[in-house]
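> got a structure for you, letters missing:
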């Protein structure tokens, strides 16, 4: 991973991806709501998290994630 300075937008994007991969979508949103006192647009967050994915792909990824945690 590069340590060069990145924009705030890129930092937020990378953080959301990592949180989503680690915690899943619901827990990522839960976590963000604990630390963000400003307005959140759930629909915008959802669109970023699931961009270009079908519902089937999201469920398959969730299943793989939970299976990997069990082993």
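Here it is on my side, so go on. Since this is a predicted model, take the numbers as computed values, not measurements.
> For this protein, which residue occupies the most central location?
residue 20 (2.8 Å; Cα atoms, centre = their mean).
> Run through the neighbouring helices and strands of the host helix or strand of that one.
In this structure, residue 20 sits in helix 8-23 according to DSSP states H and E. If you count contacts as 3 or more Cβ pairs under 8 Å, 6 or more residues apart in numbering; DSSP states H and E, helix 8-23 packs onto helix 25-35, helix 42-49. No exception for glycine: its C-beta is placed from N, CA and C like everyone else's.
> Go through the last one and flag the buried ones.
Using 16 or more other Cβ atoms under 10 Å as the test for burial, helix 42-49 gives 45, 49.
> Could you do the first one as well?
For helix 25-35, the buried set under the neighbour-count rule, 16+ other Cβ under 10 Å, comprises 25, 28-29.
> Same question for stretch 14-27.
Applying 16+ other Cβ under 10 Å to stretch 14-27 flags 16, 19-20, 24-25 as buried.
> closest to residue 46 among the residues you listed?
If you rank the buried residues of stretch 14-27 by distance to residue 46 using Cβ to Cβ, residue 25 comes first, at 7.6 Å.
> Pull the contacting residues for the spatially closest residue to that closest one that is not a sequence neighbour.
Leaving aside its chain neighbours, residue 25 sits nearest to residue 49 (5.4 Å; criterion: Cβ to Cβ, 6 or more residues apart in numbering). Counting by Cβ atoms under 8 Å, 6 or more residues apart in numbering, residue 49 touches 16, 20, 25, 28.
> any weak-confidence spans in the chain?
Applying pLDDT under 70 to the chain flags residues 1-3, 36-38.
> ok, back up a step: now for the contacts of residue 49, which pair is the farthest apart?
16 and 25 (9.9 Å).
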